[in-house]
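[1] what follows is a protein structure lacking sequence information:
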């Protein structure tokens, strides 16, 4: 069965159909985890899984699995393909859904072609990846990988005061299987890039080899609120100037290095925030990301050194609060190589790349060899109705997934 | 009458007494222009002026004048000494009041000593210098100098919805003389520095030769709000980084120059102000001050050049709004020299300096040769209950004023 391809009309049609579910009165797409709209999306997925002749299994945290097992392979560890169906508020239609529907599409294509896999193939839709209604994000995959107790997760109170366990029961997706009941042989997640790299470089496919570590810190700098007219430059303790030096330092450092390090100061507040008063206090956030843990530590250390130097040079007092810290995830080299090989075989340009955003794959990587495939996002835009990937790019990505799945289930 | 000095007990006692008027239930000093508290302070001043045997005159904008004229000098243009009595919210007791009470103290001292001045000597308390309740600030002296029509000023609506003219009438200080009715021969204002220079340098007296020009601008920078994780540094249009470059540029420029130029970025806002989103828009203020108009123009031009370069280098769009612009004021060289000579004669260390804040003197300088005398402010603090100048410094300053007044009224 060489040179098979997925059914592009079916896949793109389902993406559009799912994207029409959960529209509010203004036409905005909102399918928050365990909401009525989420139920409607889940029900549609389940009907497609059943129509494809797969078994539907739901675990206690509401993760949905479509399992294609045969008499001959039921004892082998399954290959799992997946992502999530829940969305942010005013979302696009590709984030998450593309990975779930492509997983199902690949299984159907193989099944229809009479392919006999050496192990079960499973499509997974993980609960609450976005974390908008219930924190933390990537909750379903985290629970599945054993990183969060399912009872604790079910007791989570949402932004609307609801309890996740109650809401899952209400929508009919409080399953009875223990999360982690299927230990995957491997996990592959196909996703839109949600960043600008592939589009800008004109490359249709990313073989995602790792996922950035994240370091979030909040920095507070305290100086003196003196008069902007009467205080000579040499006598100032200007918290605003010290903050600006952090921003320019981080940028210069990231630019000078030949690494994928990114540094962002996204939040900033000046006090007293008056035109003629030297800022006495600034508070800002620093978001550092790097796919290499050692380098991420170096970046954190460089920031700490700068802050210490600033204290002395600017006469300010600086305190730092750690808000979040995740180590980078390295994906499985064998799967990444299989993705590259599949792209080469289809003469599809590709690049190895890093995921800058978090995904369910980073959680499942705790329990199984994992990797991701990216397709280009127009303008790098995501979490927005303008989120868009071309049909050609989506189908090309799904066909690579198809080829990799075949490779990984033919091997034994 | 060589080596006379002011009555230090009387001057410091009156400063404290006036500083007790206008305390709110929390003990905060609040004597906003034309308020009931302002009336009480004015009444106290008027009682002291009358007790000293001077004539009290009030003009239509509420400026109070205590006039010491003799049969022999009534036709000559008067020497005017003054400042203001109104305060900000939660003020200190020295700002303004020190200049008014010192003017009165100097007149009383000369009168008691039997001095016969060649021209009338007048103490003035100008209405609404602070501009907290009614804009603009320095209103009474501006109207007096002909820079604002008195009817327009009286029609000003305050932050509390009140009309200044009505409030002046209510408190009994809507006078009948036209502002400007006395054209001063010269004007001298003794004031606390409201800045840190004299204290830091250990110098008790400032001969103020000029007053900074002010340029206020609001800058808006627009970039792109992309994902902090997925957007490589090279693809960013980061409005926050561009804003930081403005701050560090202004500081480096002011520091490298050997001029009194000061530049302050006091207000700053980031949008969307999210930890993981590159700032798409920053809005901030730039406060530039310089005592030299040509240099102030150069600083404005350098900022404009930087913003143009940033547009190209950072890929951002920049717009600038002018908020305020005042040319520098050069005080009268002869009076400044007289202040220096008086300090030398008393062996009091002094320095020529620039006023970084606005004062009534800058308005009266439009119609008469003017200058200012500064005494040290502890920590440079003003507009705050911590505002403080030592009794020694205050009295030393008042004695210099006494000597200069004698010089300027002996000369003919």
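    Cool, the structure landed. This one's a predicted model, so the numbers in the text were calculated from it and none came from an experiment.

[2] which stretches of chain A form helices?
    A:8-19, A:36-51, A:97-112, A:139-144, A:150-154, A:164-170, A:197-201, A:239-256, A:293-314, A:333-345, A:360-364, A:391-410 (DSSP state H).

[3] could you single out the most deeply buried of those?
    Stretch with highest mean neighbour count among the helices of chain A: helix A:139-144 (a mean of 29; mean count of other C-beta atoms under 10 Å in any protein chain shown). Backbone N, C-alpha and C define where each C-beta goes, glycine included.

[4] now do stretch A:30-49: distance to the chain's middle.
    Stretch A:30-49 sits 19 Å away from the centroid of its parent chain (C-alpha atoms, centre = their mean, to the nearest Å).

[5] show residues contacting it.
    Defining contact as C-beta atoms under 8 Å, 6 or more residues apart in numbering or on different chains, one finds that stretch A:30-49 is touched by A:14, A:17-18, A:21-24, A:56, A:62, A:64, A:66, A:85-87, A:89-91, A:100-101, A:104, A:123, A:125, A:127-130, A:132-134, A:139, A:162, A:164, A:167-168, A:170-173.

[6] can you check stretch A:333-345 too?
    A:186, A:188, A:205, A:207-209, A:349-350, A:352, A:369-371, A:373, A:400, A:403-404, A:407-408.

[7] care to break chain A down by domain?
    Recorded structural domains for chain A (assignment: automatic domain parsing) are A:8-211+A:329-410, A:213-326.

[8] format those domains as TSV; extra columns: mean pLDDT.
    Output for those, formatted as TSV (pLDDT from 0 to 100):
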stretch	mean pLDDT
domain A:8-211+A:329-410	96
domain A:213-326	95
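
[9] quick one, which of these gets closest to residue B:384.
    Closest of these to residue B:384 is domain A:213-326, at 9.3 Å (criterion: C-beta to C-beta).

[10] endpoint to endpoint, that closest one covers what distance?
    5 Å (C-alpha to C-alpha, to the nearest Å).

[11] who in the stretch 251-400 of chain A is up against chain B?
    A:251, A:254-255, A:260-270, A:273-279, A:282, A:285, A:287, A:289, A:323, A:355-358, A:380, A:382 (C-beta under 8 Å from any C-beta of the partner chain).

[12] the residues you listed, buried ones only, as a ChimeraX selection?
    Remark: buried members of those, expressed as a ChimeraX selection using 16 or more other C-beta atoms under 10 Å in any protein chain shown:
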select /A:251,254,260,261,262,263,264,265,266,267,268,269,270,273,274,275,276,277,278,279,282,285,287,289,355,356,357,358,380,382
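
[13] check the offset of stretch A:46-60 from the chain's centre.
    Centre to centre, stretch against its chain (C-alpha atoms, centre = their mean), the figure for stretch A:46-60 is 24 Å.

[14] and the end-to-end length of it?
    Stretch A:46-60 end-to-end distance (C-alpha to C-alpha) = 16 Å.

[15] before we move on, the earlier item: going through the contacts of stretch A:333-345, which ones are buried?
    A:186, A:188, A:205, A:207-209, A:350, A:369-371, A:373, A:400, A:403-404, A:407-408.

[16] ok, so of those, who is nearest chain B?
    Using C-beta to the nearest C-beta, residue A:208 comes nearest to chain B of the buried ones among the contacts of stretch A:333-345, at 11.5 Å.

[17] which residues does that closest one contact?
    Here residue A:208 is in contact with A:331, A:336, A:352, A:353, A:354, A:355, A:361, A:371, A:372, A:373, A:374 (C-beta under 8 Å, 6+ apart).

[18] skip the chain neighbours and tell me the closest residue to it.
    Closest residue to residue A:208 apart from its sequence neighbours, by C-beta to C-beta, 6 or more residues apart in numbering or on different chains: residue A:372 at 3.7 Å.
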